[in-house]
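Colleague: Dropping a prediction and its sequence here:
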Amino acid sequence: MRDLVSLEAVSESVSLDANANTIAARLQALFEHSPVAIVALDHEHRFVMCNPAFIALFQFTQEEMLATDIDQLIAAPDTTNEARNLSLTVLRGEKVHTVAQRRRKDGMIVDVEIYGIPLIVDGILNGVYGVYQDITERNHAKTAYKQLSQMLNDAQHEERRRVARDLHDSTSQELAVLNWNLTMLSKMVGDRDATLQGMVAQTKEIALQCSSRIRSASYLLHPPLLGNEGLQPIVSRLATEFELRSGIHVTLDIQDSLGRFADVIEITVFRVLQEALANVMRHSGSPVVHLSLWEQSGWLTLIVSDEGRKVAMANLKNDRTGVGVSGMRERLEQLGGHLRMEQTNDGTTVISALPIDRETNA
């Protein structure tokens, strides 16, 4: 009986060893054939091994990696301290995930997404794994897309400016002459022909309405005050006009030292604010709207919140009277920004943010 138990124990041990060997073989195959670069270091940050993808990415031999600290080997000249700090963090048992630049053997700088993973067994740090994903091409594509979006925005902005100027300089002036001529014609007709006098008055009213609509269209295409004064005064003026037109009280919190920004930034914030206020008037039923605008840490943030009823997102997205949430989000994302909506029983808050470069400020 004792021999039978012993045989079963041996059989179980052999089975466990076989399973462990199978798992180890699979992990080794995953390590060797992974398209992502992986390097393994010991608990003192010394090179142990790496996979072929790591050698292909950085082009150093295993002998070179054994002879030199890995951070000194692949860190770019100005990122040595950053690389060392990441390593120290992982050696303390913490995971890290970041995007940085590293250097290949031929001197080329590559953009990499890095995962630092501590290998802890029974509470003891046995080593660390570094996982590197080359994102150079992805970053180049993002940069190219951003530049193209910027060019398109600039072209749209310039075209709006041109159309607004043409409407003001030509069509508006011609309508002003038409109004003047109709006034003179009305005086010439006098009381002699009531029917003709009525037609002249009706035509003059139509001409005045056309003038008003053209002024509004010109203003919406390119608000003239943005070019002269910037966001701070025009946002205050827009809030005042909205309050008078809608009867909805507006509270303002605008940073005093806001300064000027690139035209495309100011236009985008203005458009987003217009749409956000229009949504409050059309959908929320709120008696008040709170508006905040400030710049901090390289981001320009606009917050518009109300105290109205909760609105279905589909109503905002499909609103045919404006560009809606999707239009606001698209404007912001073209410039690297983002938009977030928060809805509670107390109302709706629209938070929009744009990255800004102080060097582009006027």
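Modeller: The structure has been received and is ready for your questions.

Colleague: chain center to the biggest strand by length in the chain, what's the gap?
Modeller: Ordering each strand of the chain by length in residues (DSSP state E) puts strand 109-121 first. Its chain's C-alpha centre and that of strand 109-121 lie 26 Å apart, by C-alpha atoms, centre = their mean, to the nearest Å.

Colleague: Buried residues of that strand, list them for me.
Modeller: Under the neighbour-count criterion of 16 or more other C-beta atoms under 10 Å, strand 109-121 has Val110, Asp111, Val112, Glu113, Ile114, Tyr115, Gly116, Ile117, Pro118, Leu119 buried. (Glycine included, C-beta is placed from N, CA and C.)

Colleague: Present those residues as CSV; the columns should include distance to Gly347 and pLDDT.
Modeller: Output for these, formatted as CSV (distance: C-beta to C-beta, whole Å; pLDDT from 0 to 100):
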residue, distance to Gly347, pLDDT
Val110, 47, 94
Asp111, 42, 94
Val112, 44, 95
Glu113, 39, 95
Ile114, 42, 95
Tyr115, 41, 95
Gly116, 43, 95
Ile117, 44, 94
Pro118, 45, 94
Leu119, 50, 92
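
Colleague: Those residues into a markdown table, with extra columns for distance to Leu73?
Modeller: Shown next, in a markdown table, are these (distance: C-beta to C-beta, whole Å):
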| residue | distance to Leu73 |
| --- | --- |
| Val110 | 14 |
| Asp111 | 18 |
| Val112 | 14 |
| Glu113 | 19 |
| Ile114 | 15 |
| Tyr115 | 19 |
| Gly116 | 16 |
| Ile117 | 19 |
| Pro118 | 21 |
| Leu119 | 21 |
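
Colleague: Closest one of those residues to Met188?
Modeller: The closest of the buried residues of strand 109-121 to Met188 turns out to be Asp111 (C-beta to C-beta; 76.1 Å).

Colleague: so the closest one sits right up against Arg103, yeah?
Modeller: No - between Asp111 and Arg103 there is no contact under C-beta atoms under 8 Å: 11.5 Å.

Colleague: Show the residue spans covered by the helices in the stretch 251-362 of the chain.
Modeller: 263-279, 313-317, 324-334 (DSSP state H, counting those that start in this stretch).

Colleague: mind checking pLDDT for the nearest residue to Leu354 once chain neighbours are set aside?
Modeller: Closest residue in space to Leu354, ignoring its immediate chain neighbours: Gly337 at 3.8 Å, by C-beta to C-beta, 6 or more residues apart in numbering. Here, the pLDDT recorded for Gly337 equals 90.

Colleague: how deep is Gly337 tucked in, by neighbour count?
Modeller: 23 (other C-beta atoms under 10 Å).

Colleague: Over to Ile23?
Modeller: 10.

Colleague: tell me the contacts of Ala207?
Modeller: By C-beta atoms under 8 Å, 6 or more residues apart in numbering, the contact set of Ala207 is Leu175, Leu178, Asn179, Leu182.

Colleague: can you give me the angle the helix or strand harbouring it makes with helix 263-279?
Modeller: Per DSSP states H and E: Ala207 is located in helix 194-221. In terms of direction (axes from the mean of the first three to the mean of the last three C-alpha atoms, to 10 degrees), helix 194-221 departs from helix 263-279 by 120 degrees.

Colleague: pLDDT averaged over helix 194-221 - what is it?
Modeller: 79.

Colleague: how far does that helix sit from the chain's center?
Modeller: 42 Å.

Colleague: Kindly report the same for stretch 158-165.
Modeller: Here stretch 158-165 is found 26 Å from its chain centre; the criterion is C-alpha atoms, centre = their mean.

Colleague: Low-confidence bits of the stretch 151-300 of the chain, can you list those?
Modeller: Low-confidence segments of the stretch 151-300 of the chain, defined by pLDDT under 70: 168-169, 215-228.

Colleague: repeat that with 80
Modeller: 152-154, 156-158, 160-173, 175, 189-192, 211-230, 245, 263, 283-284 (pLDDT under 80).

Colleague: can you tell me how far the closest residue to Thr171 other than its chain neighbours sits from Asp166?
Modeller: Here the nearest residue to Thr171 in space, its sequence neighbours aside, is Ile214; by C-beta to C-beta, 6+ apart that works out to 5.7 Å. Using C-beta to C-beta, to the nearest Å, Ile214 is found at 10 Å from Asp166.

Colleague: which one of the contacts of Ala207 sits closest to Met281?
Modeller: Closest to Met281, out of all of the contacts of Ala207 and judged by C-beta to C-beta, is Leu175, at 28.8 Å.

Colleague: what sits against the closest one?
Modeller: By C-beta under 8 Å, 6+ apart, the contact set of Leu175 is Ala207, Cys210, Ser211, Ile214.

Colleague: Of those, just say which sits nearest to Ala40.
Modeller: Closest to Ala40, out of all of those and judged by C-beta to C-beta, is Ile214, at 70.5 Å.

Colleague: residues near the closest one, how many?
Modeller: For Ile214, using other C-beta under 10 Å, the count is 17.
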